[in-house]
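Sequence plus the predicted model coming up.
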Amino acid sequence: MTTPRNSPAVERAPRDSRWPTLDPRAQRMVEFLAQGPYANSRALQRLRLTLLVWVIRNKLSENVKRAFDVAVGAVALLVMSPVMLIAAIAIRLDTPGPVIFYQKRVGKWGKPFDCYKFRSMYVDAEARKAELSSLNEADQVVFKIKHDPRITRVGYLLRKLSIDELPQLINVLKGDMSLVGPRPPVPYEVSQYSYEHLQRLDAVPGITGLQQVSGRSDLSFRRWIELDLQYINEQSLWRDIGILIRTIPAVISGKGAY
């Protein structure tokens, strides 16, 4: 037997605490749809048309962003190749170990991929992470130490100028990353995410983003999430271009880079 929609039993049903509270906009939409405004065929046709326009617009936006990433990423890789060559030689001469560091990261909707970086730490960095946990200066799930003893001499300079991120241009060309977007987290961080944090995985991760031009590692994790969600809700090609332009002075100043 089906319980009437407006019955007292439904109204007084306790909310399952395991499920998050709906966003106010989503709540209003649910209440609107519950009133049954699409009861006639003409209204349903308008709804289908609206949804079709929305899908087409989002698909076009994704294709334009991807074309922009490939074009600018390829040019950037070509222009920065001398810098990357010098960085590779410096890493090789400074400490033993590979030049490129491969790390598993989490991309859009939880898809894992290998993220490329110039190695800026000693080869035993991951093994020493546990013993340095008490020195963590970041909050919540992020691990950051301003004067991390695992960072090499060359690695400190690479990080300060964000040169260690340049190999991620290859990730952009492969489609794993975008030029602009939330930074890709490591699986361990994602395993500790709350529902709100998981929303930052609704976009392709980027080399730079709103967080990178707003303080980088000096920001709290909460503020980091807020900026990522703001970018996802407002993302557009023009916004990406604006963030890329703001990235230049942010990299030169080196503020919050460690």
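Structure's in. What do you need?

Going by C-alpha atoms from here, please, whenever you check contacts or count neighbours.
OK.

Which parts of the longest helix along the chain count as buried, going by neighbours?
Using DSSP state H to define each element, the chain has its longest helix at helix 41-79. Within helix 41-79, the residues scored as buried using 16 or more other CA atoms under 10 Å are Lys65, Arg66, Phe68, Asp69, Val70, Gly73, Ala74, Leu77.

can you list the weak-confidence ranges in the stretch 151-258 of the chain?
256-258 (pLDDT under 70).

where do the helices sit along it?
153-160, 168-174, 187-190, 195-198, 221-234, 237-253 (DSSP state H, counting those that start in this stretch).

and the nearest residue in space to Ile151 that is not next to it in sequence, what does it touch?
Take Ile151 and drop its neighbours on the chain: the residue closest to it by CA to CA, 6 or more residues apart in numbering is Met121, 4.2 Å away. Going by CA atoms under 8 Å, 6 or more residues apart in numbering, Met121 touches Arg150, Ile151, Thr152, Gly155.

For Met121, give its distance to Arg28.
Counting by CA to CA, to the nearest Å, the gap from Met121 to Arg28 is 50 Å.

residue contacts, His197?
Residues near His197 by CA under 8 Å, 6+ apart: Ile225.

measure it to Leu229 for me?
9 Å.

swap in Leu198?
Leu198 is 10 Å from Leu229, by CA to CA.

Same drill for those two, tell me which one is more crowded.
Leu229 (22 against 16; other CA atoms under 10 Å).

Tell me who's in contact with that one.
By CA under 8 Å, 6+ apart, Leu229 lies in contact with Gln199, Arg200.

if I look at it, how far off is Lys146?
Taken as CA to CA, the span from Leu229 to Lys146 is 26 Å.

now Trp54
44 Å.

again with Leu78
Computed as CA to CA, the Leu78 to Lys146 distance reads 32 Å.

Near the closest residue to Ala138 other than its chain neighbours, how many other residues are there?
Spatial nearest neighbour of Ala138, excluding adjacent residues (CA to CA, 6+ apart): Lys144 at 5.3 Å. Close neighbours of Lys144, defined as other CA under 10 Å, add up to 16.

separation between Lys144 and Pro187?
16 Å.

just Asp228 next, same as before
For Asp228 relative to Pro187 (CA to CA), the value is 18 Å.

what mean pLDDT would you report for stretch 71-87?
Computed over stretch 71-87, the mean pLDDT rounds to 97.

Convert the C-alpha atoms of it to PDB, please.
C-alpha atoms of stretch 71-87 as PDB (Å, rounded to 0.1, in the frame of the first residue of the first chain):
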ATOM      1  CA  ALA A  71      46.700  24.100 -27.800                       C
ATOM      2  CA  VAL A  72      48.200  26.100 -24.900                       C
ATOM      3  CA  GLY A  73      49.700  23.000 -23.300                       C
ATOM      4  CA  ALA A  74      51.600  22.000 -26.400                       C
ATOM      5  CA  VAL A  75      53.000  25.600 -26.900                       C
ATOM      6  CA  ALA A  76      53.900  25.800 -23.200                       C
ATOM      7  CA  LEU A  77      55.700  22.500 -23.300                       C
ATOM      8  CA  LEU A  78      57.700  23.600 -26.400                       C
ATOM      9  CA  VAL A  79      58.600  27.000 -24.900                       C
ATOM     10  CA  MET A  80      59.500  25.600 -21.500                       C
ATOM     11  CA  SER A  81      61.500  22.700 -22.800                       C
ATOM     12  CA  PRO A  82      64.900  24.500 -22.300                       C
ATOM     13  CA  VAL A  83      63.900  25.200 -18.700                       C
ATOM     14  CA  MET A  84      62.900  21.500 -18.200                       C
ATOM     15  CA  LEU A  85      66.200  20.300 -19.700                       C
ATOM     16  CA  ILE A  86      68.200  22.500 -17.300                       C
ATOM     17  CA  ALA A  87      66.000  21.300 -14.400                       C
END
